[in-house]
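J.: Build me a structure from this.
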Amino acid sequence: MTDPTLENQNRTSNNESDWYWRENYTSRPYYQDLQRDIPDIDYDKDLSSAYEFGRNSRSEYGENTRFEDSENDLESKWEQFKANSRLKWQQAKHAVKDAWDRI
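T.: Below you'll find the predicted structure:
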């Protein structure tokens with residue numbers, strides 16, 4: 001049985017993270033390159049899954065694991081996780097790392 005308190009904390013954490021990235025993604029250093037590559041880049045369609053992937057992966061790998069040590073594994077998982085995102089790994093990895101580092 002799932003602990004409702006823990007489930008609620010996870011939902012709150014996910015909502016706070018999503019709000020943060022939704023408010024800040026256009027100020028990230030990689031955003032201009034993404035916009036050049038995909039002129040109609042959209043947070044919900046393209047970037048939200050990258051931030052979610054970074055957050056979830058960090059939780060899965062543990063807080064003491066460096067992004068660089070997991071990058072090859074993350075790259076191989078990105079295609080399965082990305083849903084409708086148009087980002088290739090080389091484009092998504094910066095947002096994934098941002099979310100990874102923010103935890």
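J.: where's residue 40 relative to residue 32, distance?
T.: 15 Å (Cβ to Cβ, to the nearest Å). For the C-beta atoms, the positions are set from N, CA and C on the backbone; glycine is no exception.
J.: Could you do residue 82 as well?
T.: 21 Å.
J.: Which one of those two is surrounded by more residues?
T.: Taking neighbours as other Cβ atoms under 10 Å, residue 82 and residue 32 compare with residue 82 leading, 18 against 10.
J.: shouldn't that one be in contact with residue 50?
T.: Yes: counting by Cβ atoms under 8 Å, residue 82 touches residue 50, with 7.5 Å between them.
J.: joint contacts of the two?
T.: residue 92 (Cβ atoms under 8 Å, 6 or more residues apart in numbering).
J.: residue ranges with poor pLDDT in the chain?
T.: 1-14 (pLDDT under 70).
J.: ok, now with 80
T.: Residue ranges of the chain with pLDDT under 80: 1-14, 103.
J.: what's the helix or strand for residue 65?
T.: Using DSSP states H and E, residue 65 sits within no helix or strand.
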